[in-house]
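*Asks:* Show me how the following folds:
(4 chains)
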Number of protein chains: 2
Amino acid sequence: MIATELLEKYGALSKSFNKSETIFEEGKSPTHYYQILSGEVKMNNFNDDGREFIQGFFNKGQSFGEPPLFLNRVYPANAIAVEDTELLCISKDNFMKLLSENPSVSLKIIENLAQRLHYKSVMAAEISTHEPEHRVLRLIDYSITYFNFKEDKNGHRIDLTRQQIGDLTGLRVETVIRAIKSLEKKGTLKIINRKVYR
Amino acid sequence: MIATELLEKYGALSKSFNKSETIFEEGKSPTHYYQILSGEVKMNNFNDDGREFIQGFFNKGQSFGEPPLFLNRVYPANAIAVEDTELLCISKDNFMKLLSENPSVSLKIIENLAQRLHYKSVMAAEISTHEPEHRVLRLIDYSITYFNFKEDKNGHRIDLTRQQIGDLTGLRVETVIRAIKSLEKKGTLKIINRKVYR
DNA sequence: CTTAATTTATGACTGAAATCATAAGGGTAA
DNA sequence: TTACCCTTATGATTTCAGTCATAAATTAAG
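*Replies:* Residues are numbered from 1 along each chain as shown, chains lettered A, B, ... in the order given. Model (predicted):
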């Protein structure tokens, strides 16, 4: 996260997106650096059958879509506002200028990329070699530290639908539902009022 | 890649590893920044059944294992020399000092992490939602630009065994063999002398 | 040079997750 | 308030990749 004032000093402008609106599309060239002022964004892909894969969710204060900016490559995924969202946008040129004139910001970017790379490494190994229950549980545990799900007396409330968990782990809804049921039976997690707690 | 002289200025030392020797293990805390002088390194995970997943290969000039260094986290995977390898190693503290005193190096690190994140994004979507043939072909195409496989009159020679392709895409050897056979039948790639060309 | 291990290969069989079908509860938009 | 869609749910069926078995070709090791 880069300080709002610093971004504004380099000409950042805020832009609003309605729920479900597309921010950028897979295959397009990046033009801006984006940071979330409010709302939530997801990055995803669709295969030929229209099946979705969710690369990740991004919340207030987080940036997204930088890698292609640094590589002069096209976006490998779409970015979509999952609720009404306000973004701070700064053009690629201005962003690069900001970076070169403010070395301490680089470290923030590095930490951010490192964190996302870490998540991807963990999930890649999970998706490739583990059975559904393991994958679902690992995603849940990771999301507890990664997103900040609130904790109450029942534990952490996992604010993801079964469908979203499926799209994050490469599983079908029905499989996720059955996996969660089975994990509950084993006492690994709780289902209260259809919501998952851990 | 950071210039050898610069690394040495900050106390980097070279270290040799024999083929199959472990450089670091999953779950351990990072202590050094590593850059390859010669040889090849792979990062991998094993699931409970001993099934391997290869996170990636790293060659001369490349660094690996930085994310946990920046996050104060443990390694999410193992690093193993796939052939006799010589590394340039610099302690975490010295590396951080180098970074803060040489801002231009940060951009190199950022580009490196961005590239790896890009690869992971592409492969995650592939592994999650596409059938074997698609996954194998995508890995091959990505590896052509990512590694530098040499090109001759038959095309790019894919220097990966069927087993390695399987471990990179989360498929079993037999499935990879059949997928490659099928892709050859369709004329998508060539098999000459058991080697894959594209 | 011989032996052992790895790699590619193919066929038969199995099983786990995907698919299909259906339904009820909950939220929300008109 | 109603109608519609999303979410959770469950059972039956199918399918495709995994598994198992076996073998030849090639490479690496002793």
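*Asks:* Quick one: mean pLDDT for the helix or strand hosting residue A:94?
*Replies:* Per DSSP states H and E: residue A:94 is located in helix A:92-101. The average pLDDT within helix A:92-101 is 96.
*Asks:* Output the contacting helices and strands for it.
*Replies:* With contacts defined as 3 or more CB pairs under 8 Å, 6 or more residues apart in numbering or on different chains; DSSP states H and E, helix A:92-101 has these neighbours: helix A:4-9, strand A:32-38, helix A:103-129, helix B:103-129. Yep, even glycine has a C-beta here, placed from its N, CA and C like the rest.
*Asks:* those strands in chain A, which residues are they?
*Replies:* Taking DSSP state E as the test, the strands found in chain A are A:13-17, A:22-24, A:32-38, A:41-46, A:52-58, A:63-64, A:78-81, A:85-91, A:151-152, A:155-158, A:190-192, A:195-197.
*Asks:* quick revisit: so which of the helices and strands packed on helix A:92-101 comes closest to residue A:75?
*Replies:* Nearest to residue A:75 among the helices and strands packed on helix A:92-101 is helix B:103-129 (9.4 Å), distances taken as CB to CB.
*Asks:* which bits of chain A sit near DNA strand C?
*Replies:* Within chain A, the residues that sit near DNA strand C (CB under 7 Å from any atom of the strand) are A:131-132, A:170-172, A:174-175, A:194.
*Asks:* Leaving out the residues flanking it, which one is nearest to the closest residue to DNA strand C within chain A?
*Replies:* Closest residue of chain A to DNA strand C, CB to the nearest atom of the strand: residue A:175 (3.1 Å). Nearest non-adjacent residue to residue A:175, counting by CB to CB, 6 or more residues apart in numbering or on different chains: residue A:132, 5.3 Å away.
*Asks:* Equivalent analysis for residue A:177, please.
*Replies:* Spatially, and ignoring its direct neighbours in sequence, residue A:177 is nearest to residue A:162 (5.2 Å; CB to CB, 6+ apart).
*Asks:* contacting residues around that neighbour?
*Replies:* Shown in contact with residue A:162 (CB atoms under 8 Å, 6 or more residues apart in numbering or on different chains): A:173, A:176-177, A:180.
*Asks:* Need the residues that contact the helix or strand bottoming out on mean pLDDT in chain A.
*Replies:* Within chain A, confidence by mean pLDDT, DSSP states H and E is lowest for strand A:151-152 among all helices and strands, at a mean of 86. If you take CB under 8 Å, 6+ apart as the criterion, strand A:151-152 is touched by residue A:157.
*Asks:* Within the sheet, what are the partner strands of it, with directions?
*Replies:* Partners of strand A:151-152 in the sheet, by DSSP bridges, are strand A:155-158 (antiparallel).
*Asks:* Tell me the gap between the partner strand and the middle of its chain.
*Replies:* Here strand A:155-158 shows a centroid-to-chain-centroid distance of 18 Å under the convention CA atoms, centre = their mean, to the nearest Å.
*Asks:* For it, buried residues please.
*Replies:* For strand A:155-158, burial by neighbour count (16 or more other CB atoms under 10 Å in any protein chain shown) applies to A:156-158.
*Asks:* Kindly report the same for stretch A:74-85.
*Replies:* Residues A:75-82, A:85 are the ones in stretch A:74-85 that count as buried (16+ other CB under 10 Å).
*Asks:* ok, which pair from these is furthest apart?
*Replies:* Top of the distance list for the buried residues of stretch A:74-85 (CB to CB): A:76 and A:85, 20.8 Å.
*Asks:* Okay, domains of chain A per the record?
*Replies:* Taking automatic domain parsing as the criterion, chain A consists of the domains A:4-102, A:130-197.
*Asks:* returning to what we had before: the inter-axis angle of the helix holding residue A:94 versus strand A:85-91?
*Replies:* Relative orientation of helix A:92-101 versus strand A:85-91 (axes from the mean of the first three to the mean of the last three CA atoms, to 10 degrees): 80 degrees.
*Asks:* Helix A:92-101 versus helix B:103-129: what angle between them?
*Replies:* Using the same axes, to 10 degrees: helix A:92-101 against helix B:103-129 is 130 degrees.
*Asks:* got the angle between helix A:92-101 and strand A:32-38?
*Replies:* 80 degrees.
*Asks:* then helix A:92-101 to CSV, C-alphas only?
*Replies:* Extracted C-alpha coordinates of helix A:92-101, given in CSV (Å, rounded to 0.1, in the frame of the first residue of the first chain):
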residue,chain,number,x,y,z
LYS,A,92,2.1,3.9,-15.7
ASP,A,93,4.6,6.7,-16.5
ASN,A,94,3.7,8.6,-13.4
PHE,A,95,3.9,5.5,-11.3
MET,A,96,7.3,4.6,-12.6
LYS,A,97,8.5,8.2,-11.8
LEU,A,98,7.1,7.9,-8.3
LEU,A,99,8.9,4.6,-7.8
SER,A,100,12.3,5.9,-9.0
GLU,A,101,12.0,9.1,-6.9
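*Asks:* And it, what's buried?
*Replies:* Quick answer for helix A:92-101 (16+ other CB under 10 Å): A:94-96, A:98-99.
*Asks:* Of those, which is the nearest to residue B:124?
*Replies:* Distances from residue B:124 to these, taken by CB to CB, are shortest for residue A:95, at 25.7 Å.
*Asks:* what sits against that closest one?
*Replies:* A:10, A:32-33, A:69.
*Asks:* I'd guessed residue A:120 sits against residue B:117; true?
*Replies:* Yes. The criterion here is CB atoms under 8 Å, and residue A:120 meets it with residue B:117 at 6.6 Å.
*Asks:* quick revisit: among the buried residues of strand A:155-158, which one lies nearest to DNA strand D?
*Replies:* residue A:158 (9.1 Å).
*Asks:* give the contact list for that closest one.
*Replies:* By CB under 8 Å, 6+ apart, the residues touching residue A:158 are A:140, A:143-144, A:149, A:195-198.
*Asks:* can you do 10 Å?
*Replies:* Going by CB atoms under 10 Å, 6 or more residues apart in numbering or on different chains, residue A:158 touches A:139-141, A:143-144, A:147, A:149, A:164-165, A:180, A:189, A:195-198.
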